[in-house]
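Asker: generate a structure from the sequence data that follows.
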Amino acid sequence: MAIEFTKYHGLGNDFILIDNRSSSVPVITPEQAIKLCDRHFGIGADGVIFALPGENGTDYTMRIFNSDGSEPEMCGNGIRCLGVFLADLEGESRSKDLYRIHTLAGVITPQLMADGQVKVDMGLPKLLAAEIPTTLSAGDSKVINQPLEVAGKTWEVTCVSMGNPHCITFVDDVAAIPLESIGPQFEHHPVFPQRTNTEFIQVVSRNYLKMRVWERGAGITLACGTGACASLVAGVLTGKCDRTATVELPGGPLEIEWSEIDQRVYMTGPAERVFTGKL
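Answerer: This next block holds a predicted model:
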């Protein structure tokens, strides 16, 4: 059976999207996803995203297989791509600009804006060690500026969950970080029982951050939406940035806000279709 797909990217964080609305089970296995994501022998992507039927009153369900076959709880750039994909699938029958999407991280709501950007209510950040999860501190306490030994160096890290785990450390120059060698050591550090995403942040000003990321299950990527959100939260917790800031990633900027009113995190950025094809 031929399977149609569409390739999208959010600031270079690229995904293969599949219309899976006829079944609640992904039509591609994790093993097949690994092959499809291969940039030399497959289509090439950071992950495969499935648009499945909604659950518990939501419009749709989102599931993702990373390029290593693992399944993350959520993906910020991916859900922006999914929002545009769903609008493209619905075409002229589309009656809304906001979708309620069931994910393993809870209900996430991408909204298609008039200027072509996608604004996503990313929900409440989780700050307690047990919620992230990490053993860096007691389960009922926050992990802020905690020392962590990695690659023979002590790093000060702050941990945040946006439905998936993030370890954030602030550095003088993100360009000088040897991501390829040090990223896996953070990801697989024993203090993170479910592994972790790792963000290296350079504070340019209180409303402008530069970020590089090592994603759990995907490695070096050009952008990470949940990581940008977690990094802004970490910046606020450590007093390094304002509650609204531009986060500059290798693939481009995201606008992030941690609302003082409802304490939810909002992410705004692009999502673009690249091409379509059949498997």
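
Asker: quickly list what residue 53 is bridged to.
Answerer: Assessed by DSSP bridges, residue 53 has beta-bridge partners residue 60.

Asker: before we move on, what about residue 10?
Answerer: Under the criterion used (DSSP bridges), residue 10 bridges to residue 13.

Asker: what's the average pLDDT for the longest helix along the chain?
Answerer: Counting residues, the longest helix found in the chain (DSSP state H) is helix 76-90. For helix 76-90, mean pLDDT is 96.

Asker: now stretch 207-219
Answerer: For stretch 207-219, the per-residue pLDDT averages 97.

Asker: can you show me the CA trace of that stretch as CSV?
Answerer: Below are the C-alpha coordinates for stretch 207-219, written out as CSV (Å, rounded to 0.1, in the frame of the first residue of the first chain):
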residue,chain,number,x,y,z
ASN,A,207,15.1,39.8,25.7
TYR,A,208,17.4,38.0,23.3
LEU,A,209,19.0,34.6,23.7
LYS,A,210,21.1,32.4,21.5
MET,A,211,20.6,28.7,21.7
ARG,A,212,22.2,25.4,20.5
VAL,A,213,20.6,22.1,21.3
TRP,A,214,21.3,18.4,21.5
GLU,A,215,17.9,16.7,21.2
ARG,A,216,17.2,13.4,23.0
GLY,A,217,16.7,10.8,20.2
ALA,A,218,17.7,13.2,17.4
GLY,A,219,21.1,14.7,18.2
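
Asker: any idea how far that stretch is from the chain center?
Answerer: When distances are taken as CA atoms, centre = their mean, to the nearest Å, stretch 207-219 is centred 9 Å away from the chain's centroid.

Asker: just the buried residues of it, please?
Answerer: 209, 210, 211, 212, 213, 214, 215, 216, 217, 218, 219 (16 or more other CB atoms under 10 Å). All C-beta spots, glycine's among them, are computed from the backbone N, C-alpha and C.

Asker: what strand or helix carries the third one?
Answerer: The one in question is residue 211. strand 208-215 (DSSP states H and E).

Asker: same thing with residue 135?
Answerer: Counting by DSSP H and E, there is no helix or strand that carries residue 135.

Asker: how many neighbours does it have?
Answerer: Look at residue 135: counted by other CB atoms under 10 Å, it has 15 neighbours.

Asker: can you name the residues that contact the closest residue to residue 189 other than its chain neighbours?
Answerer: Leaving aside its sequence neighbours, residue 189 sits nearest to residue 150 (CB to CB, 6 or more residues apart in numbering; 6.4 Å). If you count contacts by CB atoms under 8 Å, 6 or more residues apart in numbering, residue 150 has them with 182, 185, 186, 189.

Asker: what score does residue 150 have for pLDDT?
Answerer: On pLDDT, residue 150 comes in at 98.

Asker: picking up where we left off before, looking at the buried residues of stretch 207-219, which is nearest residue 53?
Answerer: Nearest to residue 53 among those: residue 217, at 24.8 Å, using CB to CB.

Asker: not counting its neighbours along the chain, what's nearest that closest one?
Answerer: Per CB to CB, 6+ apart, closest to residue 217 is residue 66, 3.4 Å.

Asker: that neighbour: how many residues sit nearby?
Answerer: When neighbours are defined as other CB under 10 Å, residue 66 has 22 of them.
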